[in-house]
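Q: Turn this into a model:
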Amino acid sequence: MSNLVIIPTYKEKENIESIIRTIFSLNVPFNILIIDDNSPDGTASIVKNLQAEFKNLHLIERPGKLGLGTAYITGFQWALKNGYNYIFEMDADFSHNPSDLIRLSKACHEDGADVAIGSRYISGVNVVNWPLSRVLMSYFASIYVRLITRMNIKDTTAGFVCYKKEVLENIHPEHIKSKGYGFQIEMKFNAFKLGYKIVEIPIIFTDRKLGSSKMSGGVFNEALWGVIRMKIRSWFIKYRRKGATV
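A: Have a look, this model is predicted:
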């Protein structure tokens with residue numbers, strides 16, 4: 001087992017079957033793990049029906065809406081327990097183009113990256129169908145994060161990422177403090193502090209056409225304040241991987 005794509009879901013009945021079928025149709029093999037937070041629209045039931053057709057489709061159902069960060073922590077722990085070498089994060093709503101999974105996979109499988117980020121901002125601003133206010137909020141948030149953390153990453157809040165197994169084993173995602181979109185920043189920051197090779201692959205991000213967005217200004221504000229707390233905590237942490245201090 002090599003590639004696992006983790007997709008957190010909440011009320012994604014319009015998208016979930018299509019995204020699953022599209023990923024399984026790619027010419028690089030991926031397994032899929034859906035983490036569903038008790039979607040009231042029957043998202044999990046659709047996944048269960050598809051499991052009869054796709055043996056590499058897995059589902060974890062949680063009792064309620066517990067947050068993006070905890071969904072990924074649950075997925076990462078399951079991936080490591082089940083022996084996957086490359087673990088991917090992506091959204092269910094086609095804002096991330098499934099075909100770009102192949103490019104992220106190549107960056108880690110063949111080109112030596114430890115973390116590959118599907119980046120909206122590495123080659124300009126590649127966002128489609130977002131209102132200007134949201135584009136500006138996201139873009140300047142990433143600039144702010146770079147200034148505070150000193151990471152040379154253009155898209156620090158990206159949620160389309162491939163991690164090598166070793167990175168997750170050394171980060172210990174269960175110790176990540178942020179639970180919302182700040183989780184994405186903190187994961188990258190820990191990989192950066194541990195000295196891993198992080199690359200950005202340019203993608204075009206397209207806002208969802210079906211279903212409703214889970215993003216809000218409050219979520220972003222939480223992430224931004226969390227960056228300062230994360231930076232302060234880092235002053236008191238010795239970052240080690242495989243017995244070495246980095």
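Q: for this protein, which spans come out with low pLDDT?
A: Across the chain, the stretches falling below the confidence threshold (pLDDT under 70) are 1, 208-223, 243-246.
Q: need the helices for the chain, in chain order.
A: When secondary structure is read from DSSP state H, the chain shows helices at 16-24, 43-51, 68-81, 100-109, 132-149, 165-171, 182-193, 217-234.
Q: For Tyr10, which of those helices is the nearest?
A: With Cβ to Cβ as the criterion, Tyr10 lies closest to helix 43-51 of the helices of the chain, at 7.5 Å. Bear in mind the C-beta positions are built from the backbone N, C-alpha and C, glycine included.
Q: contacting residues around the closest one?
A: Outside of helix 43-51, the residues within contact range by Cβ atoms under 8 Å, 6 or more residues apart in numbering are 9-13, 16-17, 20, 34, 36, 38, 57-59, 61.
Q: If we use 7 Å, what do you get?
A: By Cβ atoms under 7 Å, 6 or more residues apart in numbering, the surrounding residues in contact with helix 43-51 are Thr9, Lys11, Glu12, Lys13, Ile16, Glu17, Ile20, Ile34, Asp36, Leu57, Leu59, Glu61.
Q: Now that the fifth one has come up, it's in contact with Ala92, right?
A: Yes - when contacts are counted by Cβ atoms under 7 Å, Ile16 is listed as touching Ala92 (5.8 Å).
Q: which two in the contacts of helix 43-51 are spaced the farthest apart?
A: Lys11 and Leu57 (19.2 Å).
Q: that older thread, what do Ile16 and Ala92 both touch?
A: With contacts taken as Cβ under 7 Å, 6+ apart, Ile16 and Ala92 have Thr9 as neighbours in common.
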